[in-house]
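**Student:** turn this into a model:
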Amino acid sequence: MPPVPATTITPARRVQGTLRVPGDKSISHRYALIAAVADGRSRLSNYAPGADCQSTLACLGRLGVDIQRGENGVVTVVGRGLRGWSSPSGLLDAGNSGSTMRMLAGLLAAQPFSTQLVGDVSLSRRPMRRVIEPLSRMGARIEATDGHAPLTIHGAALHAITHRPDVPSAQVKSAVLLAGLHAEGRTSVIEPAQTRDHTERALAAFGFDVDATGHTISVAGGQGALGQTLSVPGDFSSAAFWMVAAAALPGSRVEIADVGLNPTRTGLIDVLRRFGARVEVRETGDAAGEARGTIVVTGDRTGAIEIVPEEVPGLIDELPAIAALAAHGGEVSVRGAAELRVKESDRIAALVAGFRALGISAEERPDGFAVRGDGAPSGGVADARGDHRMAMAFAIAALAARSPSTIEGSDAVVISYPGFFDTLDRLVE
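**Tutor:** You can find the predicted model right below:
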């Protein structure tokens, strides 16, 4: 068996510097998918470089969509309209990307051919019934293995539904809305709690009519749209790790430029302020309905943070980073986050095991965790379990250790942030 790629993290006194993060992963997926069903050419700049978003492009290419990758993160997508895709000659491989599989399923449900969506071992363990059920109600026929990938999707003429998901999920909401573009009638999703609204904003940016009133989002079927020129802001969830590092190490200061400031994504800012950090936000613009700007985080003091269930939908991707706050002398408690167990890994179990391996006190709960920093941890060897956010969270936590630590499976960062460890080396002091 080949050795597991690993990275050694050296303890740091503080982090300092100015940086930019890669293009937003969530927005990049949605721009590419919607551009592929618009008519004509779209130019997407600062497209996310990670493997997940490349999986979306690869799948679209196999469906006959012309994809051109340029320099500096520029991607050109030549859309073929709502019903212009071609039947692929083989499998559509979503890799590790749940966003690709779930949202693409919504568009494939209306195509006049059958396709099979597959993923890696991790993605094949993630629940798909939550997207299979509403798409089946709309008229598609989807075969799965006990509710998991691979998915065989037999497209059909769809009819509109009103869907009330039990679990807040931006991916499921998006899949239903994207299917609704092809359906007869008006399709609505009524969310139990607000999730990130990038799909609604992206649909509007391309010229689709979408209505969002409270927790109800609706689209009419049969609409057309034209290709657009759009710029993807920096990924807030990637920026979260640098924000936490600065907040957790007193004397630190990190400035992150041109990062997305979508209000459904920025709950971490309030969390860091409650923890004791100073956070300055300067909004510099708004493109396609997506605010962006500069965030400056200065480490001041550490405290105790409790994340309650109502906050979890807006923080779901940032929770691993938030946990790392405690490694540096604070306390973090999270409840109502059972959804973490069905991410790229069981993030509750993986996080607690990894933190304990680094010498940090951590307790696993059915729907969350508690982490407490009792002085500088000893350091150790933490296994990221193939999960990009675990690898980055352990790296930030390890900065507080008394001795160097090793993150096994650190190469998982290529899923969302290929240059993460290079940036870490530049910021630490």
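**Student:** what is the end-to-end distance of stretch 16-23?
**Tutor:** From its first residue to its last, stretch 16-23 covers 22 Å (CA to CA, to the nearest Å).
**Student:** could you pull out the helices for the stretch 51-200 of the chain?
**Tutor:** Taking DSSP state H, counting those that start in this stretch as the criterion, the stretch 51-200 of the chain contains helices spanning 51-62, 98-108, 129-138, 170-180, 198-205.
**Student:** tabulate the ones you listed (JSON lines), appending mean neighbour count and distance to residue 297.
**Tutor:** (Glycine included, C-beta is placed from N, CA and C.) Output for the helices of the stretch 51-200 of the chain, formatted as JSON lines (neighbours: other CB atoms under 10 Å; distance: least, CB to CB, whole Å):
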{"stretch": "helix 51-62", "mean neighbour count": "23", "distance to residue 297": "26"}
{"stretch": "helix 98-108", "mean neighbour count": "27", "distance to residue 297": "27"}
{"stretch": "helix 129-138", "mean neighbour count": "20", "distance to residue 297": "35"}
{"stretch": "helix 170-180", "mean neighbour count": "27", "distance to residue 297": "25"}
{"stretch": "helix 198-205", "mean neighbour count": "23", "distance to residue 297": "23"}
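**Student:** those helices: which one's closest to residue 191?
**Tutor:** With respect to residue 191, and counting by CB to CB, the nearest of the helices of the stretch 51-200 of the chain is helix 170-180 at 6.4 Å.
**Student:** what's the offset of that closest one from the middle of its chain?
**Tutor:** Using CA atoms, centre = their mean, to the nearest Å, we find the averaged C-alpha position of helix 170-180 to lie 15 Å away from the chain's own average C-alpha position.
**Student:** quick one: mean pLDDT for it?
**Tutor:** The average of the pLDDT scores along helix 170-180 is 98.
**Student:** and for stretch 20-35?
**Tutor:** Within the predicted structure, the mean pLDDT of stretch 20-35 is 98.
**Student:** same deal with stretch 265-280?
**Tutor:** What stretch 265-280 shows for mean pLDDT is 96.
**Student:** which positions in it come out as buried?
**Tutor:** Buried positions in stretch 265-280, judged by neighbour count with 16 or more other CB atoms under 10 Å: 265, 266, 267, 268, 269, 271, 272, 275, 276, 277, 279.
**Student:** which element is the closest residue to residue 296 other than its chain neighbours on?
**Tutor:** Ranked by CB to CB, 6 or more residues apart in numbering and with sequence neighbours excluded, the top spatial neighbour of residue 296 is residue 280, at 4.3 Å. Residue 280 is part of strand 278-287 when elements are defined by DSSP states H and E.
**Student:** okay, angle between that strand and helix 198-205 too, please.
**Tutor:** Relative orientation of strand 278-287 with respect to helix 198-205: 30 degrees, computed using axes from the mean of the first three to the mean of the last three CA atoms, to 10 degrees.
**Student:** hmm, back to that, got the contact list for the residue nearest to residue 296?
**Tutor:** When contacts are counted by CB atoms under 8 Å, 6 or more residues apart in numbering, residue 280 touches 295, 296, 297, 298.
**Student:** what distance do you get for residue 212 to residue 345?
**Tutor:** The spacing between residue 212 and residue 345, counted by CB to CB, to the nearest Å, is 32 Å.
**Student:** higher neighbour count, these two?
**Tutor:** Remark: of residue 212 and residue 345, residue 345 carries more neighbours, 23 against 15, as counted by other CB atoms under 10 Å.
**Student:** in the stretch 201-350 of the chain, which spans are helices?
**Tutor:** Taking DSSP H, counting those that start in this stretch as the criterion, the stretch 201-350 of the chain carries its helices at 236-248, 267-275, 319-324, 347-357.
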